[in-house]
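Trainee: What follows is a predicted structure for the sequence shown.
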Amino acid sequence: MNRLRQLIVTLISSAMVFSSVGMCFAEVEGNTAEPLTVEETQTAEIHDISIREAASTEYNVVAIEWDAVEGAIKYHVELSSNGEIIKSLDTESNSAEITELAAGELYLAKVTAYDAEENLLNEGTIETYAKNPIDTYLPPVGNVRYLRGYNTVKMIWSKVDGATGYKVYMRLIQGKSTDTVMPSKPTATTKSTSYVKALSPEKKYNVWIVAYKTEASRTITSEPYLLKKVQKAHPLYYDVKLKKTMKVKCSCSGHKSKAPKTFYAGETYSAYWFSKGIYRVKSGSHMYFIPAIKCKAAQCSPEAKNPLTKEEIEYFVKEAKPKRKTKKLLVAMLFTQRVYVMKRDSKGVYRLEKDFICGSGKAETPSPRGMNMKIWNRISYRNGRPRWSCYNQINAFHGLKGKEYLRGRTVSHGCIRVNNVDRDYIWNNVPLNSSVIVY
């Protein structure tokens, strides 16, 4: 009997132990599977809301619409420009209009969807311009082009009927994606067909032109017209290497007290001008003069495929304002390897008479440049070639000995080479003491 009691007690104790262990395992199991928090549910994968522009009857408005998001009861819309939030609103529908904006300006619209518990469900963005109703748009500017001038570029377009003015937007090209984004601050002009802007020689810009008119309290605009890679006429660049490391003082007026800059032997520097045996090298906003005798083998790359047009060369000469007003003017554009013969008309304006391909000096012996030179001597025969029209004591416009392939190339010792037909034209039509520009 006692043994039977001990057996029953043992069985009951064992059952209690197993029950406790089971509960412990249940607790551990429960601890490894805690429910997700609200913050964790918001980190779930989010796909961009599909946003598109919408039609509107309002003026100077951004109108957008988007696909409805399942479970969303509210959408928050933000409109920003240059990283700054301009306006915002909440809506229960899947469309929005934001008014009283600057017509033609580029904005970034962001839409965020929320559920009843203010949990983020989805979001998306779109870049869009502030627009007017389609039937009130001005037509875009047409026949747009630009002229490469001596110190400026000149944008030209056809007059837009009904326009009271134009806005010109310019953005410097620096190799970034924002180069193609229209800037927010324009320059306004009331001139009907043109706008002139001074540019640095090595800079390129994207330019947008917008026509507008004002009716009562609203402004009506045209779609922007984009001009890409606008650049002024600029001289031929030379890549020069120094024989020895040297320190050079800044040659800019007002900066001559600046500490000298070290130019290192073997490194390549870009020189944009050569005259009187001196290269002009630009570093940042400063200019330095380096004697050619201190340099060794160098290269230069003209763009003979992109010569100035008749309108451009006439605009270039008008801007350059040569001091000597002779009947004929000879212009050599080294960057495009082209010679232009200009004739002064009865109003004192130089007009293009003839142009042709040339070849100029190589980087070791560049063709000297100047804006106010002249044909100071004519030599009937020299170095086996006839008819030299000299523009300094050493260099001249002269012909080739049948080497037509040398035209358009920088391979001479400083003279400007043309074919024999063009040589004879200069000899017969550009008299002694005529003005010369070599740029």
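Mentor: Sure, I can see it.

Trainee: what sits up against stretch 51-68?
Mentor: 49-50, 75, 77, 79, 94-103, 107, 109, 111, 124-126, 128-134, 136, 218-220 (Cβ atoms under 8 Å, 6 or more residues apart in numbering). Where you see a C-beta, it was placed from the backbone N, CA and C, and this is true even at glycine.

Trainee: Need the CA coordinates for it. PDB is fine.
Mentor: Presented in PDB, the C-alpha positions along stretch 51-68 are these (Å, rounded to 0.1, in the frame of the first residue of the first chain):
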ATOM      1  CA  ILE A  51       1.700  61.500 -61.100                       C
ATOM      2  CA  ARG A  52       0.900  63.400 -64.300                       C
ATOM      3  CA  GLU A  53       0.000  67.000 -65.400                       C
ATOM      4  CA  ALA A  54      -3.700  67.800 -65.700                       C
ATOM      5  CA  ALA A  55      -5.700  70.400 -67.600                       C
ATOM      6  CA  SER A  56      -6.900  73.500 -65.800                       C
ATOM      7  CA  THR A  57      -8.900  76.700 -66.500                       C
ATOM      8  CA  GLU A  58      -6.900  78.700 -64.000                       C
ATOM      9  CA  TYR A  59      -3.900  81.000 -64.700                       C
ATOM     10  CA  ASN A  60      -0.400  80.600 -63.400                       C
ATOM     11  CA  VAL A  61      -1.200  77.200 -62.000                       C
ATOM     12  CA  VAL A  62       0.400  73.800 -61.300                       C
ATOM     13  CA  ALA A  63      -2.400  71.200 -62.000                       C
ATOM     14  CA  ILE A  64      -1.600  67.500 -61.300                       C
ATOM     15  CA  GLU A  65      -3.500  64.200 -60.900                       C
ATOM     16  CA  TRP A  66      -2.400  60.800 -59.800                       C
ATOM     17  CA  ASP A  67      -3.600  57.200 -59.500                       C
ATOM     18  CA  ALA A  68      -5.600  56.500 -56.300                       C
END
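
Trainee: Show the average pLDDT along it.
Mentor: Across stretch 51-68, pLDDT averages out at 86.

Trainee: buried set for it?
Mentor: Buried residues in stretch 51-68, counting neighbours by 16 or more other Cβ atoms under 10 Å, are found at 51, 56, 58-66.

Trainee: ok, which pair from those residues is furthest apart?
Mentor: Across those, the longest distance by Cβ to Cβ is 22.7 Å; it joins 59 and 66.

Trainee: give me the low-pLDDT residue ranges for the stretch 151-300 of the chain?
Mentor: Applying pLDDT under 70 to the stretch 151-300 of the chain picks out residues 216-217, 253-258, 297-299.

Trainee: where do the strands sit along it?
Mentor: Taking DSSP state E, counting those that start in this stretch as the test, the strands found in the stretch 151-300 of the chain are 152-156, 165-172, 187-189, 194-198, 205-215, 218-221, 225-230, 238-242, 246-248, 261-263, 268-275, 278-283, 286-291, 295-300.

Trainee: With mean neighbour count and distance to residue 140 added, can I get those in JSON lines?
Mentor: Formatted as JSON lines, these follow (neighbours: other Cβ atoms under 10 Å; distance: least, Cβ to Cβ, whole Å):
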{"stretch": "strand 152-156", "mean neighbour count": "19", "distance to residue 140": "14"}
{"stretch": "strand 165-172", "mean neighbour count": "18", "distance to residue 140": "11"}
{"stretch": "strand 187-189", "mean neighbour count": "13", "distance to residue 140": "16"}
{"stretch": "strand 194-198", "mean neighbour count": "15", "distance to residue 140": "16"}
{"stretch": "strand 205-215", "mean neighbour count": "19", "distance to residue 140": "7"}
{"stretch": "strand 218-221", "mean neighbour count": "19", "distance to residue 140": "10"}
{"stretch": "strand 225-230", "mean neighbour count": "14", "distance to residue 140": "5"}
{"stretch": "strand 238-242", "mean neighbour count": "21", "distance to residue 140": "41"}
{"stretch": "strand 246-248", "mean neighbour count": "14", "distance to residue 140": "50"}
{"stretch": "strand 261-263", "mean neighbour count": "15", "distance to residue 140": "47"}
{"stretch": "strand 268-275", "mean neighbour count": "18", "distance to residue 140": "36"}
{"stretch": "strand 278-283", "mean neighbour count": "18", "distance to residue 140": "38"}
{"stretch": "strand 286-291", "mean neighbour count": "16", "distance to residue 140": "41"}
{"stretch": "strand 295-300", "mean neighbour count": "17", "distance to residue 140": "40"}
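
Trainee: For residue 409, find the nearest of the ones you listed.
Mentor: Closest to residue 409 of the strands of the stretch 151-300 of the chain, according to Cβ to Cβ: strand 295-300, at 9.9 Å.

Trainee: so what does the very next helix or strand once past the closest one touch, helix or strand wise?
Mentor: Sequence-wise, the next helix or strand downstream of strand 295-300 (DSSP states H and E) is helix 310-320. Judged by 3 or more Cβ pairs under 8 Å, 6 or more residues apart in numbering; DSSP states H and E, the packing partners of helix 310-320 are strand 145-148, strand 328-333, strand 338-344, strand 350-357.

Trainee: Tell me which of the ones you listed sits most buried.
Mentor: Across the helices and strands packed on helix 310-320, averaging neighbours per residue (mean count of other Cβ atoms under 10 Å) puts strand 328-333 on top, at a mean of 23.
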